[in-house]
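Engineer: please find the sequence and the predicted model below.
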Amino acid sequence: MKNWLRIAGALALTLGLALAGCEKAPEKAAPAVDGPKAGELKVGFVYTSPVGEAGYSWAHDQGRKAIEKMGGVKTSYVEAVKEGADAERVIENMARGGFDLVFTTSFGFMDPTMKVAKDFPKVKFMHCSGFKSSENVSNYFGRIYQARYLTGMTAGLMTKSNTIGYVAAFPIPEVIRGINAFTLGVRSVNPKAQVRVVWTKTWFDPALEKDAAISLLDVGSDVIAQHQDSPGPQEAAQERGKYSIGYNSDMAAFAPKAHLTAAVWNWAPIYEAIVKEVREGTWTGNRAIWWGMDKGVVDIAPFGPMVPKAVQDKVNAQKELFKKGEDKVFVGPIKDQAGQVKIAAGVKAEDKELLGMTWFVEGVVGSVQ
Amino acid sequence: MNLVIRKREESLGWGVLVVYLGALALAFCVCALLLKMSGKPGFGGLAILFRGAFGQTYALLDGLVKAIPIFLCALGVALSFRMQVWNIGAEGQFALGAVGATWAALTFPGLPGVALMPLMLLCAMLAGAAWGAIPAALRLRLGVSEVISSLMLNYIGILLLEYLVFGVWKDPASFGFPMTAEFASGGQIARILPGVLGKLHWGLLACPVAGVAYWVLLSRTRLGFEIAAAGEGERVARYAQLPYGFLVFFVMGLGGALSGLAGSIETSATLGRLQPTIMVGYGYTAIVVAWLARLRPWAIAFTAYLLAAFRVGGEVMQLELQVPAAFGPIMEGAILLCVLAGQFFLTYSVSLRPSPKAARPAPPANDANDAAKGARS
């Protein structure tokens, strides 16, 4: 009996009609979607992880929403883009789609950004955290290490076991610099404390990040910090009744009993300034914008209720210095793990050195491999 | 009146096409419904997807580029599925192929392209074949299920790749980011006509060559006949005095070589260096493709392209509608589920009748009468 065949036929026919119906739709809708209105700036964002509810891409997305409010700006994004072959196509699609300004928000998008920028000289590209630039590519980043330093101070004052765990993504300068600043913060208030590092080699993998945190708790860490996009490590700390330090955004909601504070991004000021430049025609390539706490790009999240007033005051006093533009995080003498002086006494490390940092400071337990 | 399900004795002919189209239609309706439920235009969203996948020359080319590794891996697993040997290890064999090609590219950077490229492809195919041969050996010697061992070897293969890229092969100029140095120009597969054909590269040539070889092997050679015969079961094959062990090694090895080839082409042509991010699950997509295509080479080519194009179109849909990235895999899942459900109707006939009768081929007119009778009773 083949009556099902008729049913399938009817279904196919329905689909055909439906598709034929909507085939016409884009012709009408296309101008609204594609064609920018006169004077409207189209801005695209490429994220490496899903936006979700917290984390690195979420923080960038808050910045995107801020520039959307500026009026005359239309934004869009593609999330969870792997830092490989797919990235080039995604960036290229934005350039083709009439986007005027494209933000590629992760280190691994560097080469794809450069490749696409070469083919689309009229589109402006901003690559986050990298070091390659050209006529139509500039770099931008924030001095999150200042916030790391403050969270390090908090951890150093709160730890009892003098062992602090740090779940970290990739051994690249950006992450190493954060670990170093954090450790310098810890040791500025607690010279006996150590920071133990575990690499996950992923930006975003909640289960793996949590497992890494558990391994750090198992070796006696009582504060867990992270350079990861998910709140997995926070949850691990709370389940063991220990403390945690968040990253990217305020993660208190995920581990209210553990979350001391967090190093947070506030991308809005930087994105607003860049959009303004592009509109006014003052934007140029071959630049690196690297703003700190004085411009409000980085900050720390509100302290949890378990952090004593004395600790808060001490950290806040240092925060005021950063806000005034006084940045002494990487001022020597700073020794590496082997005890050798890498930054001489009284010398402030240059941005170039910080951007290429591949060694750990004294007090870090772990390797940069 | 009861529902009767019977195995078909005759293939459906053109009905097959109707079933497939119906299944696809159903899958798209489900996707449109999902879009609608998340507050996006339903069929309008699908229209953007189709436009993103097929609406522009460059979109078609992007899909084609993405289809190359999927097609080669799918051909590889389809070969072993023909023999009812369940090679789930294309992902790991793909990784080993990438490793093999990278080894050649990094060890002999001075060789001219005409020598280096064949060497890279050969190393990739050998590495992939060796990785495929392990589950074959485990099965024949120790009776270990190749489903488990080939799947487990995926993780080992990927970890091996990461070990090398994070360790000995890491580019000193990469600032710690996991990637090897860029291959010498002789080790990079060139684009065919960069201005005209976009990112389409010479690796495409491997597809028709492999596809035709697969077809000739299975339908025109004694070996192909033996593979099909051995697919009836190990005992049958041994009773017929077929070299069963050799055949298992052959399909697993050749399948591994094809996946390895895919890995080397992807590494050499799209990135020009090895990075862990080349592992995006083509080896698993390949299994889906092989099943959807029911192991036929033409259908594999078509399905591989279709799934690749949907991924490309999915990105455009994400850009324009801001649907979550997870929508792409959800859509793939919906298509697979609907088509597999549809395939049920290809193998079985479903009818409503008072009592089961012997299956017999009947002209459609009689069918209609039977249906009417069934409905009355």
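Structural biologist: Happy to help now that I have it. Numbering: from 1, shown residues only, chains lettered A, B, ... in the order given.

Engineer: thought residue A:328 was touching residue A:349?
Structural biologist: No - counting by C-beta atoms under 8 Å, residue A:349 is not a contact partner of residue A:328; they are 10.7 Å apart. (Glycine included, C-beta is placed from N, CA and C.)

Engineer: between those two, who's got more neighbours?
Structural biologist: Applying other C-beta atoms under 10 Å in any protein chain shown to residue A:328 and residue A:349 shows that residue A:349 carries more neighbours, namely 17 against 12.

Engineer: and that one, how far is that from chain B?
Structural biologist: When distances are taken as C-beta to the nearest C-beta, to the nearest Å, residue A:349 and chain B turn out to be 16 Å apart.

Engineer: equivalent analysis for residue A:296, please.
Structural biologist: 27 Å.

Engineer: chain neighbours aside, what residue packs nearest to that residue?
Structural biologist: With C-beta to C-beta, 6 or more residues apart in numbering or on different chains as the measure, residue A:269 is the residue that lies nearest to residue A:296, at 5.1 Å, once sequence neighbours are left out.

Engineer: how about residue B:249?
Structural biologist: Spatial nearest neighbour of residue B:249, excluding adjacent residues (C-beta to C-beta, 6+ apart): residue B:136 at 4.8 Å.

Engineer: about what we covered before: tell me, how many residues neighbour the residue nearest to residue A:296?
Structural biologist: Around residue A:269 there are 15 other residues, counting by other C-beta under 10 Å.

Engineer: and the helix or strand harbouring it, how far out from the chain's middle?
Structural biologist: Taking DSSP states H and E as the criterion, the element that holds residue A:269 is helix A:268-280. On the basis of C-alpha atoms, centre = their mean, to the nearest Å, helix A:268-280 is displaced by 19 Å from the centre of the chain it belongs to.

Engineer: and what of stretch A:273-287?
Structural biologist: For stretch A:273-287, the distance from its own C-alpha centre to the chain's C-alpha centre is 22 Å (C-alpha atoms, centre = their mean).

Engineer: OK, contacts around the residue in the stretch 201-350 of chain A that chain B sits nearest to?
Structural biologist: Using C-beta to the nearest C-beta, the single residue of the stretch 201-350 of chain A nearest to chain B is residue A:201, 6.8 Å away. By C-beta atoms under 8 Å, 6 or more residues apart in numbering or on different chains, the contact list for residue A:201 reads A:169, A:170, B:162, B:166, B:178, B:276.

Engineer: and it, how far from residue A:157?
Structural biologist: With the distance defined as C-beta to C-beta, to the nearest Å, residue A:201 ends up 31 Å from residue A:157.

Engineer: same check on residue A:359?
Structural biologist: In this structure, residue A:359 lies at 26 Å from residue A:157, with C-beta to C-beta as the measure.

Engineer: please work out how many residues are found near residue 228.
Structural biologist: Here I'm looking at chain A. Using other C-beta under 10 Å as the criterion, residue A:228 is surrounded by 30 other residues.

Engineer: oops, chain B please
Structural biologist: Residue B:228: 13 neighbours (other C-beta under 10 Å).

Engineer: pretty sure it sits in a helix.
Structural biologist: Yes - when DSSP: H, G, I helix; E, B strand; the rest coil is applied, residue B:228 is found to be in a helix.

Engineer: against chain A, how distant is it?
Structural biologist: Summarising the geometry, the distance separating residue B:228 from chain A, computed by C-beta to the nearest C-beta, is 29 Å.

Engineer: the closest residue to that residue other than its chain neighbours: what's it in contact with?
Structural biologist: With C-beta to C-beta, 6+ apart as the measure, residue B:82 is the residue that lies nearest to residue B:228, at 6.3 Å, once sequence neighbours are left out. Residue B:82 makes contacts with B:218, B:227, B:228, B:231, B:251, B:295, as judged by C-beta under 8 Å, 6+ apart.

Engineer: torsion angles phi and psi at the fifth one?
Structural biologist: What it means is residue B:251. Main-chain dihedrals, residue B:251, degrees, to the nearest 10: phi -70, psi -40.

Engineer: with the first one instead?
Structural biologist: Dihedral angles of residue B:218 (phi, psi; degrees, to the nearest 10) stand at phi -80, psi -30.
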